[in-house]
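In: Pasting the sequence and the predicted model now:
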Amino acid sequence: MRIATWNVNSLKARLEKVEWWLERAQPDVVLLQETKLADDDAPHLPFRMAGYELLHHGEGRWNGVAIASRVGIADPVANFGDGPVRDSSAGAGSGETAEEDFDPFDEARMVSATCGGVRVVSIYAPNGRVVGSPFYTGKLAWFARLRRWLDEAADPGEALVIGGDFNVAPADDDVWDPRAAHGGTHVSPEERAAFGALLEWGLTDAYRGLRPEPGRYTWWDYRAGNFHKNYGMRIDHLLATAAVARRVVAAEIDREARKGKPVPSDHAPLFIDLDTPGELIDAGWDSAAGRIAARQAKDLAPRQAAGPGPRSG
DNA sequence: ATGTCCCAGTCTCTGGGA
């Protein structure tokens, strides 16, 4: 069983790329983030044509999470079960997300279901923008809500996977240059502690558990050729309870999906294989990835810290 | 390199978010 997660940066704009990747990677379950669609606009038919059911939780213009599965979808939960979120497609304008209006619990950032015997949770954590800002405080509060949901609605003994865009690089090895990112969001001690609180509950970083090498990322800024320089961050994760983690036999980030035309998302898909390695896993998903990472390790000699720091989705 | 991409509305450009 192959479980993937992918921040697609608009499912509408990325539909062709997503269809290509479903055919390429043959995932059984895909957790999607930043669909940027209202539920009424979710593309159920193309997924159905590819053999997948689609569970979508969106608000319109921003955010939006989904689960695509070809092994069934049961017991859906949206937004931690806290009720409907704001419709960001209607009346959106300047001030819509002004600081005083920001409420991460009023945005479509969580959807869950049971697929093929595994409860999966697709999450899109708030970005945080600037350390110390109300958006950053809201990000930390959102992570606390996620942890509380685990405490109240889940059990560390069950088969569960939380995947998505956490907007947190858990360790310095998860950032292209820790000095460049220092002082910014995604790497602050508080954000890493919020991530750690999820592990503490009973989850394992399924990718890192199997793949210790540095220099492998899931997000690269569109600008400045950052992807080709491998200036990225590992901020998308698949966290698994022990019942799932012990079954993980492979983990990969598919950098090929971050390349070429039509224009890709700024995130690459990440996936894990349970019990049986996928047919394509041994073919190599990007033979250049290791070479780039090795070159980057040498490049980590003196470099000026970048000014504004990274901004990721 | 302030370097790109996506969205909706003010709609062939702009502003906001990542």
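Out: Nice, thanks for sending it over. Numbers count the residues shown, from 1 in each chain, chains lettered A, B, ... in the order given.
In: Which helix or strand contains residue A:24?
Out: Here residue A:24, judged by DSSP states H and E, is contained in helix A:11-25.
In: other SSEs contacting that helix?
Out: Under the contact criterion of 3 or more Cβ pairs under 8 Å, 6 or more residues apart in numbering; DSSP states H and E, helix A:11-25 touches strand A:2-7, strand A:29-33. Where C-beta positions appear, they are placed from N, C-alpha and C, glycine not excepted.
In: Point out the most buried one among these.
Out: Among these, the stretch with the highest mean neighbour count (mean count of other Cβ atoms under 10 Å) is strand A:29-33, at a mean of 30.
In: strands paired with it, and their directions?
Out: Here strand A:29-33 has these sheet partners by DSSP bridges: strand A:2-7 (parallel), strand A:65-69 (antiparallel).
In: what's the angle between the helix holding residue A:24 and strand A:29-33?
Out: 150 degrees (axes from the mean of the first three to the mean of the last three Cα atoms, to 10 degrees).
In: Turn the strands paired with strand A:29-33 into JSON lines, columns for distance to DNA strand B and mean pLDDT.
Out: What follows is the strands paired with strand A:29-33, written out as JSON lines (distance: least, Cβ to the nearest atom of the strand, whole Å; pLDDT from 0 to 100):
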{"stretch": "strand A:2-7", "distance to DNA strand B": "8", "mean pLDDT": "98"}
{"stretch": "strand A:65-69", "distance to DNA strand B": "14", "mean pLDDT": "98"}
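In: Would you reformat those as TSV and include distance to residue A:79?
Out: Formatted as TSV, those follow (distance: least, Cβ to Cβ, whole Å):
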stretch	distance to residue A:79
strand A:2-7	18
strand A:65-69	9
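In: May I see the buried residues of stretch A:243-258?
Out: Using 16 or more other Cβ atoms under 10 Å as the test for burial, stretch A:243-258 gives A:243-245, A:247-248, A:250-258.
In: can you pull out the strands in the stretch 1-150 of chain A?
Out: A:2-7, A:29-33, A:53-57, A:65-69, A:74-78, A:110-115, A:118-124 (DSSP state E, counting those that start in this stretch).
In: If we go by neighbour counts, what in the fifth one is buried?
Out: The neighbour-count criterion (16+ other Cβ under 10 Å) identifies A:77, A:78 as the buried residues of strand A:74-78.
In: So which bits of the stretch 101-250 of chain A are right by DNA strand B?
Out: A:126, A:127, A:129, A:135, A:222, A:223, A:224, A:225 (Cβ under 7 Å from any atom of the strand).
In: quick one, what contacts the residue nearest to the third one when sequence neighbours are not counted?
Out: So that's residue A:129. Nearest non-adjacent residue to residue A:129, counting by Cβ to Cβ, 6 or more residues apart in numbering: residue A:135, 4.2 Å away. Neighbouring residues of residue A:135 by Cβ atoms under 8 Å, 6 or more residues apart in numbering: A:99, A:102, A:126, A:127, A:128, A:129.
In: you'd agree the fourth one is up against residue A:168?
Out: What it means is residue A:127. No - counting by Cβ atoms under 8 Å, residue A:127 sits too far from residue A:168 to count as a contact (10.5 Å).
In: Which one of the two is surrounded by more residues?
Out: residue A:168 (28 against 19; other Cβ atoms under 10 Å).
In: State the distance from the more buried one to DNA strand B.
Out: As judged by Cβ to the nearest atom of the strand, to the nearest Å, residue A:168 and DNA strand B stand 13 Å apart.
In: which residues touch that residue?
Out: With the criterion set at Cβ under 8 Å, 6+ apart, residue A:168 makes contact with A:125, A:186, A:187, A:191, A:192, A:194, A:195, A:235.
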